[in-house]
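Visitor: Give me a 3D structure for the following:
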Amino acid sequence: VNPFFLYCAIKNTLYKLEAVTSLTKFNHTLFLLLKKEQHKVRSYIMGEVMDRGTDACKNHFAECKVMNIRQTRRGWLQELLLGCEAKTEFKYFTGKNQTAHSLEDSNDCDRFWFPQCYNWKMVVKEANTDVEIISVHRPKSLCVMACKDCTPQEAIVTSNGEEMGRVKEEYFYCVESFIITDAKGDPKYRVHPPTCVRGMCVNYFTEGCICGRGMCKIPFWIFDINQENTDGGDAVHIGKILKKPKSLMTEAFTEANAFEATFPNDADIAAKATLIGASVYINSVFFEEEGDGS
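Guide: From the prediction side, this is the model:
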């Protein structure tokens, strides 16, 4: 029996019993027993969701608060001379220690003709063992664009074949916005750059001075899904994905980007895994080929 369906059936029965104004002794006993069973089933379901992912995924994300992601220069000469997008490769760091690496799996023709919306998959592997931590898959879809109410882009994050969460393009007018969902499909966070002019423009001043290397800082703030006001440079955010500046030569002649993901305090292992997937996805949407920074 599917535990979720069993939980719903018990919940529905409890509602019906609560609607009875005068419970008999038998009904009252049944009510208490069902309440106890409901708690057991709910604990089982939550435990099943919390236990998703490989051991490597749990080990690396359990205590992690900030993770740095650095794109390597792999294929930069191909991109510079031929204009053909190369496969993206990343290294992942906790503090100064490299903990993981990943290489994009995609079709050459797709990367050439559809640089901002081609189908790709990336397996993030443990640095020393090559054991899977998470996998990120973006199916081919229409490019991210304003006022699009069909075929939204998304990235699916899994670990050990089990879904951890998704990154979904949200309907927007001016500034791109994404929803982070959990394994059950429930919205958990909203992600978009800080804004100004009543949410119509991206505010590039929130990370300090825009002169020199600071000009390359591009933040994507993480908001609780229930927060109503997320517009403005002073909006309360609980985490962020920050595109960090690199050297002038690197910024000018390669697409070797660097990101720093700061997780919300309430983020569990699955949420952290999904936000790392969101960082990789954001790079592919905004900082590759014609999508560079636009």
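
Visitor: When you work out contacts or count neighbours from here on, use the C-alpha atoms and nothing else.
Guide: Will do.

Visitor: Do you have the strands of this protein handy? List them.
Guide: Remark: strands assigned in the chain by DSSP state E are 66-71, 89-94, 97-106, 120-126, 132-138, 154-159, 162-169, 178-182, 187-192, 195-196, 201-202, 218-224, 239-244, 258-262.

Visitor: any residues touching the first one, and which ones?
Guide: So the one you mean is strand 66-71. If you take CA atoms under 8 Å, 6 or more residues apart in numbering as the criterion, strand 66-71 is touched by 88-95, 255-263.

Visitor: try it again with 6 Å
Guide: Contacts to strand 66-71, defined as CA atoms under 6 Å, 6 or more residues apart in numbering, come from residues 89-94, 256-262.

Visitor: and it, which strands flank it?
Guide: strand 89-94 (antiparallel), strand 258-262 (antiparallel) (DSSP bridges).

Visitor: got a markdown table for the strands of the chain, with mean pLDDT, mean neighbour count and distance to residue 277 too?
Guide: Shown next, in a markdown table, are those (pLDDT from 0 to 100; neighbours: other CA atoms under 10 Å; distance: least, CA to CA, whole Å):
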| stretch | mean pLDDT | mean neighbour count | distance to residue 277 |
| --- | --- | --- | --- |
| strand 66-71 | 95 | 21 | 11 |
| strand 89-94 | 95 | 20 | 12 |
| strand 97-106 | 95 | 18 | 11 |
| strand 120-126 | 97 | 22 | 9 |
| strand 132-138 | 97 | 24 | 6 |
| strand 154-159 | 96 | 25 | 6 |
| strand 162-169 | 95 | 24 | 8 |
| strand 178-182 | 96 | 22 | 10 |
| strand 187-192 | 96 | 22 | 13 |
| strand 195-196 | 92 | 20 | 23 |
| strand 201-202 | 90 | 19 | 22 |
| strand 218-224 | 95 | 23 | 14 |
| strand 239-244 | 94 | 22 | 11 |
| strand 258-262 | 95 | 22 | 10 |
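
Visitor: right, so of the ones you listed, which gets closest to residue 9?
Guide: Counting by CA to CA, residue 9 lies closest to strand 178-182 out of the strands of the chain; the figure is 22.7 Å.

Visitor: who does that closest one touch, helix- and strand-wise?
Guide: With contacts defined as 3 or more CA pairs under 6 Å, 6 or more residues apart in numbering; DSSP states H and E, strand 178-182 has these neighbours: strand 162-169, strand 187-192.

Visitor: when you compare where that strand runs with where strand 218-224 runs, what's the angle?
Guide: 50 degrees (axes from the mean of the first three to the mean of the last three CA atoms, to 10 degrees).

Visitor: For strand 178-182, what is the distance to the chain centroid?
Guide: 7 Å (CA atoms, centre = their mean, to the nearest Å).

Visitor: contacts for that strand?
Guide: So strand 178-182 is contacted by 165-170, 187-191 (CA under 6 Å, 6+ apart).

Visitor: May I have that strand as PDB, with CA atoms only?
Guide: Extracted C-alpha coordinates of strand 178-182, given in PDB (Å, rounded to 0.1, in the frame of the first residue of the first chain):
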ATOM      1  CA  PHE A 178      12.600  30.300 -10.200                       C
ATOM      2  CA  ILE A 179      10.800  28.100  -7.700                       C
ATOM      3  CA  ILE A 180      12.700  25.400  -5.800                       C
ATOM      4  CA  THR A 181      10.400  22.400  -5.000                       C
ATOM      5  CA  ASP A 182      11.000  19.400  -2.800                       C
END
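
Visitor: List the pairing partners of it within its sheet, with orientation.
Guide: strand 162-169 (antiparallel), strand 187-192 (antiparallel).

Visitor: could I get those as a markdown table with distance to residue 117?
Guide: A markdown table is the format used below for the strands paired with strand 178-182 (distance: least, CA to CA, whole Å):
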| stretch | distance to residue 117 |
| --- | --- |
| strand 162-169 | 12 |
| strand 187-192 | 19 |
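
Visitor: closest to residue 280 out of those strands?
Guide: Of these, nearest to residue 280 by CA to CA is strand 162-169, at 10.6 Å.

Visitor: neighbouring contacts of the closest one?
Guide: 152-158, 178-183, 270, 274.

Visitor: Could you do stretch 110-120 as well?
Guide: With contact meaning CA under 6 Å, 6+ apart, stretch 110-120 is reached by 84-85, 105-106, 137-141, 143, 285.

Visitor: Next, the distance between the ends of it.
Guide: Stretch 110-120 has an end-to-end distance of 9 Å (CA to CA, to the nearest Å).

Visitor: Any buried residues in it, and which?
Guide: For stretch 110-120, the neighbour count (16 or more other CA atoms under 10 Å) marks 110-111, 114-120 as buried.

Visitor: Many thanks, we can stop here.
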